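Undergrad: Here's my sequence, what's the structure:
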Amino acid sequence: DCVLSHFQTNKQMAANQQQHIRYRNQVGAAQRQELLGDRPPPKQSAEEAMQVTNTMRTTTKLLSQTLEESAAGLNLLAQSSQTVQQTKGALLAHRSAVSDGSGILSKMKLQHYKDQLLLGGALVLFFLTCLYIIYARLFR
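TA: Numbering: from 1, shown residues only. Below you'll find the predicted structure:
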């Protein structure tokens, strides 16, 4: 009885497996039909495949050229960036020199103003001294 039950179970499992295989084949066929649809005769397919292959080769070459141009552009951009950084450093150095020069010019202007005041004061003192001497000789 146990052997018969085991045999029937195996037979049922084999039937289920065959049914599963048939179902997978039907699904696969339906998917192939959906993907392929109404395909032209094999000769046209081979020609189309060659055309697609040639198109893909051309596209690959164009992409390769574009990639090389992009790499060259990136290198040029990196060099330009480095040049800009060097120029920025030089401008900062010049800025400090200009700032120092500006400070020196402002000190020189202040000194020039002081010199003018001192010279003016000396001339006023000279003329007052001359007037005193003239006044002292003429009116005394």
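Undergrad: Show me the longest helix that occurs in the chain.
TA: helix 42-139 (DSSP state H).
Undergrad: From the contact counts, what lies against it?
TA: For helix 42-139, there is no helix or strand it packs on, judged by 3 or more C-beta pairs under 8 Å, 6 or more residues apart in numbering; DSSP states H and E. Just so you know, the C-beta spots here come from the backbone N, C-alpha and C atoms, and that holds for glycine as well.
Undergrad: In this protein, what helix or strand scores lowest on average pLDDT?
TA: Counting by mean pLDDT, DSSP states H and E, the chain has its least confident helix or strand at helix 2-36, which shows a mean of 83.
Undergrad: before we move on, the earlier item: what's the angle from the longest helix of the chain to helix 2-36?
TA: 60 degrees (axes from the mean of the first three to the mean of the last three C-alpha atoms, to 10 degrees).
Undergrad: Show me what the mean pLDDT comes to for helix 42-139.
TA: For helix 42-139, mean pLDDT rounds to 91.
Undergrad: what about that helix, distance to the chain center?
TA: Using C-alpha atoms, centre = their mean, to the nearest Å, the mean C-alpha position of helix 42-139 is found 23 Å from that of the whole chain.
Undergrad: What of stretch 18-26?
TA: With C-alpha atoms, centre = their mean, you get 56 Å for stretch 18-26.
Undergrad: Pull out the buried positions in that stretch.
TA: Residues of stretch 18-26 classed as buried: none (neighbour count, 16 or more other C-beta atoms under 10 Å).
Undergrad: Residue 103: neighbour count?
TA: A count of nearby residues for residue 103, using other C-beta atoms under 10 Å, gives 10.
Undergrad: ok, now residue 60?
TA: Residue 60, neighbours per other C-beta under 10 Å, totals 10.
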